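Participant: Structural data only, the sequence is not supplied:
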Ligand SMILES: [Zn+2]
């Protein structure tokens, strides 16, 4: 065993815990998050403008579903009581752990996550990272790789600011196509932070299908272990089996994190698979021998994705995807590997 800070351990917002205590784990979600600064889009038409500042209601829901990035209210998950109620739905279905990937520029709130963890009994693992370049503050241009590295290490080994609440994963690190110079700096700092802390790295994937592979190469060149890298957004990025296998050959994890979503509104030209196609793709990957590199979750990050606002919610994989997997012949043992063993392996410090 190496002497890194998290070697052999998992760190939640409340404590260092045994990997055996994670249970069914959602490896990429957001309980508290603000995406307005990064994604808000002003509509072109005056008839749409009227909806942008309205709270979500049954009257506005259909419009918001079709313009999720133009609803001010939609892009904000700031209600702790709502987060508890929604996370509890996952707990009641047998869930054990949620990884909250909100980070420095997405209004990450360590104390709120600790309270949600106590209220629900779920383990919550908090991220430390920087999202895509649009979310970075103006200071990022002059910040050095070394300074970013120190921030990540401090979040994990000492805690965020004065809270004493520690991050347990590096990310989500935002990447774009093409990669922005500041994103490159963040990736290299993340790889070096893994060498010090042992924490896994989780990536918000670049949108061009050739680029996730390049991101894994950049991280590996900077010293990261591919077997502790999670590449997210597989279901909107790698649209062919060949591309998915090419990435899997690096040894990294392929995270299907859009379960429950039918369309990819940020790039409407993409034909995102529905849940049944996602499961069929996963079965193809299992046949190729990649069972131990696949993760399943929802990346819930705005209001219309949670149940109170008509969405699918954090329990969707357990309630509605597991039956699809069973129907298509995925065995109980393979489901156990996907939902429990894979997240446990990657979240345990290297
Ligand atoms: Zn995310």
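Facilitator: Received it, and whenever you're ready, just let me know what you need. It should be emphasised that the depicted structure is a prediction, and the values quoted were computed from it without experimental measurement.

Participant: who's in contact with the nearest residue to residue 5 once chain neighbours are set aside?
Facilitator: The spatial neighbour of residue 5 that comes closest, neighbours along the chain excluded (CB to CB, 6 or more residues apart in numbering), is residue 197 at 4.6 Å. Backbone N, C-alpha and C define where each C-beta goes, glycine included. Neighbour list for residue 197: 4-6, 152-153, 156-157, 170, 349 [criterion: CB atoms under 8 Å, 6 or more residues apart in numbering].

Participant: Most neighbours of all the residues you listed, which one?
Facilitator: Tallying neighbours with other CB atoms under 10 Å puts residue 170 at the head of the contacts of residue 197, with 33 neighbours.

Participant: Okay, it and residue 67: tell me how far apart.
Facilitator: Separation of residue 170 from residue 67 (CB to CB, to the nearest Å) stands at 33 Å.

Participant: What of residue 265?
Facilitator: According to CB to CB, residue 265 and residue 67 sit 8 Å apart.

Participant: helix, strand or coil for the closest residue to residue 208 other than its chain neighbours?
Facilitator: Once flanking residues are discounted, residue 208 sits nearest to residue 177: 3.7 Å by CB to CB, 6+ apart. With DSSP: H, G, I helix; E, B strand; the rest coil as the basis, residue 177 sits in coil.

Participant: Is residue 177 in contact with residue 205, as I believe?
Facilitator: No. Between residue 177 and residue 205 there is no contact under CB atoms under 8 Å: 9.1 Å.

Participant: Which residues of the stretch 51-200 of the chain lie near the ion?
Facilitator: With CB under 5 Å from the ion as the criterion, the stretch 51-200 of the chain comes near the ion at residues residue 101.

Participant: follow-up on the earlier one: quick one: contacts for the residue nearest to residue 208?
Facilitator: By CB under 8 Å, 6+ apart, the contact set of residue 177 is 206-208, 211.

Participant: From these, list just the buried residues.
Facilitator: Among the contacts of residue 177, those classed as buried by 16 or more other CB atoms under 10 Å are 206-207, 211.

Participant: among the residues you listed, which are in helices?
Facilitator: Of the buried ones among the contacts of residue 177, the ones assigned to helices by DSSP state H are residue 211.

Participant: The one residue in the stretch 51-200 of the chain that gets nearest to the ion: neighbour count?
Facilitator: Nearest residue of the stretch 51-200 of the chain to the ion (CB to the ion) works out as residue 101 at 4.5 Å. Counted by other CB under 10 Å, the residues lying close to residue 101 total 31.

Participant: cool, residue 264 as well?
Facilitator: Neighbour number of residue 264 under other CB under 10 Å is 17.

Participant: which secondary structure element contains it?
Facilitator: Residue 264 belongs to no helix or strand when elements are defined using DSSP states H and E.

Participant: give me every residue that touches it.
Facilitator: Residue 264 makes contacts with 236, 258, 270, 272, as judged by CB under 8 Å, 6+ apart.

Participant: try 6 Å this time
Facilitator: Each residue near residue 264 by CB atoms under 6 Å, 6 or more residues apart in numbering is listed here: 236, 270, 272.

Participant: from those, which ones fall inside helices?
Facilitator: Secondary structure defined by DSSP H assigns residue 236 of the contacts of residue 264 to helices.

Participant: Okay, now the unreliable bits of this protein?
Facilitator: 1-2 (pLDDT under 70).
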